[in-house]
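Colleague: here you go, sequence then predicted model.
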2 protein chains.
Amino acid sequence: MRRSERIVRLTRTLMNHPGEPLSLTDMADQLDAAKSSLSEDLAIIRDVMDEDGEGTLRTQMGASGGVLFEVDVAWTKAQEFLERAIVRLRQGDRILPGGYLYMSDVLAEPDVLRMVGKMFAKIFASVAPDIVLTVETKGIPLTVMTAQYLHRPFVIARRDHRVTEGSSVSVNYVSGSDRRIQTMSLSKRSIKQGARVLIIDDFMKAGGTVKAMTALLNEFDADVVGTGVFMETTEPEGKKLVSNYVSLLTLAEVDEARQCITIAPGNYLRETT
Amino acid sequence: MRRSERIVRLTRTLMNHPGEPLSLTDMADQLDAAKSSLSEDLAIIRDVMDEDGEGTLRTQMGASGGVLFEVDVAWTKAQEFLERAIVRLRQGDRILPGGYLYMSDVLAEPDVLRMVGKMFAKIFASVAPDIVLTVETKGIPLTVMTAQYLHRPFVIARRDHRVTEGSSVSVNYVSGSDRRIQTMSLSKRSIKQGARVLIIDDFMKAGGTVKAMTALLNEFDADVVGTGVFMETTEPEGKKLVSNYVSLLTLAEVDEARQCITIAPGNYLRETT
């Protein structure tokens, strides 16, 4: 096999398996190549990914040697992405009765989801979560993509108890978006004791929903190792129920009368400087 | 830039953008390469993807030339994947009270989701959907991944009307899994008139839920161009409410007393032979 062909296959394998440790021996067997050639190929890929800010390739040589590809997002690309998202999300016709912001279309675009998944995976890889948790419904796509790039499973807390999930644990909570008491439940089978859990959601106001997920995790003796939200609100300032989280965007104001929406980047850009 | 470096970048770009037509001129500019060199590189990538059954690369030369990477799944890999899934899903401890099958853990694994997304994208690329539709909750991850590989947006029908979605259209229906009348609603903003829609869901018994999605789409003057489900049931045989669909797996029996689950491949393998 020519080097160029091997590089196509290696790049493909790494990109299909971000966050997953791969065996060098298996790769050498599959490609019918010597480990020394493989190392040279991987060095080329590593340098390119590094230079482009698209990922980090960690290789461990030796008998049980492995290679791990972690996605990266260059800071300037993250900034450009957030600026473009802000331009789109502050269009006046997105204001719904009650001052809500319609953003389901933006969060359903493949490029947006891929970028958000990569950004969360980049910032939370270091806390090594075992599993990613969200609550239905709108946080699910972001969670799926984040879990893909971290190579971790996810679990979805339900707002009603479903027979197809088996025995569950439930908590009641009040969320700012709905302004009413709700129930959130999680299948007993879904999270192991002592699991390190990353919480992802689309929107956070005071943080009642995230706090409820944390309470639910306490019932499983599981630990929250990180929280990421696509958009937080500036209000209630200094009164968040959650102290430590990463937000991609901050919604400052939705003025229904003037059809004016004010959005700024969240704390993600500061956290990744 | 060396050829090997260019090939890493090209492979990465194509894999990051499956289903998306990319401009050759843009690529040549970004890589600071002549189009002729690019064509040679793309030919190498095309041949490798082809040989491995991992994707099809369509290139159109000329001034407005473009390149499109469509994911493929080799038939034997699909078969192996389904066989492995069957082994896992027929474990007796997956039977829940009422004869339901617990499969949320399997459908939350990154490798499973990626493969399912690719299989649906492969089989439905030819019907050129504009958008992918599902109903909350468990079909969402499959839908997100399918939409990624097709490079299309998706839309989620809700089981309750949410204020954050704006005006919606609703239908009532009876689903076999829940055995009660339910409501399904879709935001008016979410689907354009005349859209070609691919329906994806996790589980189909008689097909009441899929039929309800079709009814909902009629209200938008949109067309169903395909339906894909992860698992269908053999019962009710010959009495499905949906006539044309692709299933990855078929659930034949859940015997609570004997803790015995019977699962076979669905019609996907026949459809792709």
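Modeller: Structure's in. What do you need?

Colleague: for the rest of this, base every contact and every neighbour count on C-alpha atoms.
Modeller: Noted.

Colleague: what is the longest helix anywhere in chain A packed up against?
Modeller: Of all segments of type helix in chain A, defined using DSSP state H, the longest is helix A:35-52. If you count contacts as 3 or more CA pairs under 8 Å, 6 or more residues apart in numbering or on different chains; DSSP states H and E, helix A:35-52 packs onto helix A:3-16, helix A:24-31, strand A:55-60, helix B:3-16.

Colleague: ok, which of these comes nearest residue A:229?
Modeller: Among the helices and strands packed on helix A:35-52, strand A:55-60 comes nearest to residue A:229, with 22.2 Å by CA to CA.

Colleague: who's in contact with that closest one?
Modeller: Residues outside strand A:55-60 that contact it (CA atoms under 8 Å, 6 or more residues apart in numbering or on different chains) are A:45-46, A:49-50, A:65-73.

Colleague: and what of stretch A:166-184?
Modeller: Residues outside stretch A:166-184 that contact it (CA under 8 Å, 6+ apart) are A:135, A:157-161, A:185-189, A:205-209, A:212-213, A:215-216, A:219, B:96-97, B:102.

Colleague: quick check: end-to-end length of it?
Modeller: 14 Å (CA to CA, to the nearest Å).

Colleague: pLDDT on that stretch, on average?
Modeller: The pLDDT scores in stretch A:166-184 average 84.

Colleague: ok so, going back, how about the helices and strands packed on helix A:35-52 in JSON lines, adding distance to residue B:253?
Modeller: Formatted as JSON lines, these follow (distance: least, CA to CA, whole Å):
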{"stretch": "helix A:3-16", "distance to residue B:253": "34"}
{"stretch": "helix A:24-31", "distance to residue B:253": "38"}
{"stretch": "strand A:55-60", "distance to residue B:253": "45"}
{"stretch": "helix B:3-16", "distance to residue B:253": "39"}
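
Colleague: of the ones you listed, which is nearest residue B:266?
Modeller: Using CA to CA, the helices and strands packed on helix A:35-52 put helix A:3-16 closest to residue B:266, at 25.3 Å.

Colleague: tell me which residues of the closest one are tucked away?
Modeller: Buried residues in helix A:3-16, defined by neighbour count with 16 or more other CA atoms under 10 Å in any protein chain shown: A:4-12, A:14-16.

Colleague: check the offset of that helix from the chain's centre.
Modeller: 25 Å (CA atoms, centre = their mean, to the nearest Å).

Colleague: check whether it comes near chain B.
Modeller: Yes: contact between helix A:3-16 and chain B, assessed by CA under 8 Å from any CA of the partner chain, occurs at A:3-5, A:7-9, A:11-12, A:15.

Colleague: right, and residue A:199 touches residue A:132 too?
Modeller: Yes: with contact defined as CA atoms under 8 Å, residue A:199 counts as touching residue A:132 (5.8 Å).

Colleague: related to what we said a few turns ago, of the residues of helix A:3-16 next to chain B, which pair is most distant in space?
Modeller: Spatially, the most separated pair among the residues of helix A:3-16 next to chain B is A:3 and A:15, at 18.0 Å (CA to CA).

Colleague: what's the burial count for residue A:36?
Modeller: Number of residues near residue A:36 (other CA atoms under 10 Å in any protein chain shown) recorded here: 11.

Colleague: can you tell me the SS state at residue A:217?
Modeller: Judged by DSSP: H, G, I helix; E, B strand; the rest coil, the three-state class of residue A:217 is helix.

Colleague: then residue A:69?
Modeller: strand.

Colleague: I'd like to know how far the nearest residue to it once chain neighbours are set aside sits from residue A:273.
Modeller: Nearest non-adjacent residue to residue A:69, counting by CA to CA, 6 or more residues apart in numbering or on different chains: residue A:57, 4.6 Å away. For residue A:57, the distance to residue A:273 (CA to CA) stands at 21 Å.

Colleague: give me the more crowded residue out of these two.
Modeller: When residue A:57 and residue A:273 are compared for neighbours, residue A:57 comes out ahead with 19 against 7, by other CA under 10 Å.

Colleague: okay, and the residue positioned nearest the centre of chain A sits in which element?
Modeller: Chain A has residue A:146 as the residue nearest its centroid, 3.2 Å off, counting by CA atoms, centre = their mean. Per DSSP states H and E, residue A:146 falls inside helix A:140-150.

Colleague: so that helix versus helix A:3-16, what angle?
Modeller: 130 degrees (axes from the mean of the first three to the mean of the last three CA atoms, to 10 degrees).

Colleague: how is chain A partitioned into domains?
Modeller: A:3-71, A:75-271 (automatic domain parsing).

Colleague: out of those, which one sits most buried?
Modeller: domain A:75-271 (a mean of 19; mean count of other CA atoms under 10 Å in any protein chain shown).

Colleague: follow-up on the earlier one: what's near enough to touch the residue nearest to the centre of chain A?
Modeller: So residue A:146 contacts A:116-118, A:120-121 (CA under 8 Å, 6+ apart).

Colleague: again, only using 6 Å
Modeller: Residue A:146 makes contact with A:117, A:121 under the criterion CA atoms under 6 Å, 6 or more residues apart in numbering or on different chains.

Colleague: counting contacts, what elements does the helix or strand that contains residue A:232 pack onto?
Modeller: In the assignment (DSSP H and E), residue A:232 maps to strand A:223-233. Packing contacts for strand A:223-233, counted by 3 or more CA pairs under 6 Å, 6 or more residues apart in numbering or on different chains; DSSP states H and E, involve strand A:196-204, strand A:246-255.

Colleague: residue B:85: which of the ones you listed is closest?
Modeller: Taking CA to CA, strand A:196-204 is the member of the helices and strands packed on strand A:223-233 nearest to residue B:85, at 25.5 Å.

Colleague: quick one: that closest one to strand A:223-233, angle?
Modeller: If you take the same axes, to 10 degrees, strand A:196-204 sits at 10 degrees to strand A:223-233.

Colleague: packing partners of strand A:196-204?
Modeller: strand A:131-135, strand A:223-233.

Colleague: residue A:68: what's it in contact with?
Modeller: A:21, A:57-58.

Colleague: if we go to 8 Å?
Modeller: If you count contacts by CA under 8 Å, 6+ apart, residue A:68 has them with A:14, A:18-22, A:57-59.

Colleague: and the contacts of stretch A:166-184, which of them are in helices?
Modeller: Short answer: the contacts of stretch A:166-184 in helices (DSSP H) are A:208-209, A:212-213, A:215-216, A:219.

Colleague: between the residues you listed, which is closest to residue A:109?
Modeller: Nearest to residue A:109 among these, with distances taken as CA to CA, is residue A:209, at 24.6 Å.

Colleague: what's the distance between the closest residue to that closest one other than its chain neighbours and residue A:182?
Modeller: Distances taken as CA to CA, 6+ apart put residue A:175 closest to residue A:209, at 5.6 Å, once the chain neighbours are dropped. Residue A:175 is 8 Å from residue A:182, where distance means CA to CA.

Colleague: can you check residue A:272 too?
Modeller: Residue A:272 is 35 Å from residue A:182, by CA to CA.

Colleague: thought residue A:92 was touching residue A:257?
Modeller: No: between residue A:92 and residue A:257 there is no contact under CA under 8 Å: 10.4 Å.

Colleague: for the helix holding residue A:146, the distance to its chain's centre please.
Modeller: In terms of CA atoms, centre = their mean, the centre of helix A:140-150 is set 5 Å apart from its chain centre.

Colleague: same question for stretch A:257-265.
Modeller: 25 Å.
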